[in-house]
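In: Quick one: sequence plus predicted model below, questions after.
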Amino acid sequence: MKQSVKMIVGNWKMNGVAADLTGAVAEMLAALKAEPTAARVGLCPPATLIERMVRTVDGGPIMVGGQDCRVETKGAFTGGVAAEMLVDAGATAVILGHSERRQEFGETDALVSEKVGAALRAGLTPIICVGETLAQREAGEAASVVREQILGSLNDGLTGADWALAYEPVWAIGTGLTPTLDQIAEIHAAARDAMIERLGDGGWAAPILYGGSVNPGNARDILAVDEVGGALVGGASLKAADFLAIVRAA
Ligand SMILES: O=C[C@H](O)COP(=O)(O)O
């Protein structure tokens, strides 16, 4: 399925301080106001910057999201951030199940599914990440791993189009390596099948973003692949010129 309105989301990971709001974000905003894009554009900064980024964006053409949330609404969870707290800070979306959280914090598909429920309860747009490791790809298991992750990580509350899946091969994240366009097409098609298998009609409409070493040089080709509904961009979202070039490729 070709999706005309692409979703381009920057994941700042553990990068970004106040100076980036008057620097990179101000530059992005000015460019997108001067020359509007049809794409849905978002930035997910560290939790410390969300509220200030929301004020900087001031209802403009960049939505602001979190990078994770807890399942619980409040309580004795040192360091935790509830979905409701992201909303309180002005966020409208949240990345869930990123491979760095799956690897670093042992997040399972079942936990990611619960977090998706928490995000929906709070009114956030979940961006749910899946993707195979290099060993899994080399073993010919990429499609089956992604299918299993989708079946386990989605949540019955997902309906319509106000959520996104992000296919991010772990071996492509921050490495400069990317799958071939055929490989991206193959996994995105398999991901769509799994979304429909899990959710029925609820699996048709949500965009499937590609993530992993997206840059201004490869964005146009990747975004033209069937079933690629946008991009989840890490490193290249930190520089205004690079991120804007990716948005313009959408
Ligand atoms: O969430 C974003 C991805 O992990 C991609 O990161 P990258 O663009 O730096 O490879």
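Out: Everything's here; your move.
In: Which residue lies closest in space to the residue of the chain found nearest the ligand, excluding its sequence neighbours?
Out: Proximity to the ligand, evaluated over the chain using CB to the nearest ligand atom, is greatest for residue 234 at 2.2 Å. Using the backbone N, CA and C atoms, a C-beta is placed for each residue, glycine as well. Setting aside the residues directly before and after it, residue 234 is nearest to residue 11 in space (CB to CB, 6 or more residues apart in numbering), at 5.3 Å.
In: Surely that neighbour and residue 236 touch.
Out: No. Using CB atoms under 8 Å, residue 11 is not in contact with residue 236; the gap is 10.3 Å.
In: Of the two, give the one with the bigger neighbour count.
Out: Counted by other CB atoms under 10 Å, residue 11 and residue 236 do not tie: residue 11 has more neighbours, with 26 against 20.
In: So what does the residue in the chain sticking out farthest from the centre have for phi and psi?
Out: Within the chain, residue 76 marks the point farthest from the mean C-alpha position, 27.9 Å out by CA atoms, centre = their mean. Taking degrees, to the nearest 10, you get phi -90, psi 70 for the backbone angles of residue 76.
In: Local confidence estimate at it?
Out: We note a pLDDT of 98 for residue 76 in this prediction.
In: cool, and residue 1?
Out: Confidence at residue 1, expressed as pLDDT, is 52.
In: OK, contacts around the nearest residue to residue 131 once chain neighbours are set aside?
Out: Leaving aside its sequence neighbours, residue 131 sits nearest to residue 168 (CB to CB, 6+ apart; 4.1 Å). For residue 168, the contacting residues are 98-99, 129-131, 210-212, 232, by CB atoms under 8 Å, 6 or more residues apart in numbering.
In: Quick one: the strands in the protein, in order.
Out: Taking DSSP state E, the strands of the chain run over residues 7-11, 40-44, 63-66, 93-96, 125-130, 164-167, 208-211, 230-233.
In: relative to strand 40-44, how tilted is the first one?
Out: Here strand 7-11 runs at 10 degrees with respect to strand 40-44, directions being taken by axes from the mean of the first three to the mean of the last three CA atoms, to 10 degrees.
In: Quick one: list the elements packing against strand 7-11.
Out: strand 40-44, strand 93-96, strand 164-167, strand 208-211, strand 230-233, helix 240-249 (3 or more CB pairs under 8 Å, 6 or more residues apart in numbering; DSSP states H and E).
In: Tell me how far the second one lies from the chain's centre.
Out: Relative to the chain's own centre, strand 93-96 is displaced by 7 Å; criterion: CA atoms, centre = their mean, to the nearest Å.
In: my read: residue 118 touches residue 83, true?
Out: Yes. Using CB under 8 Å, residue 118 is in contact with residue 83, at 4.5 Å.
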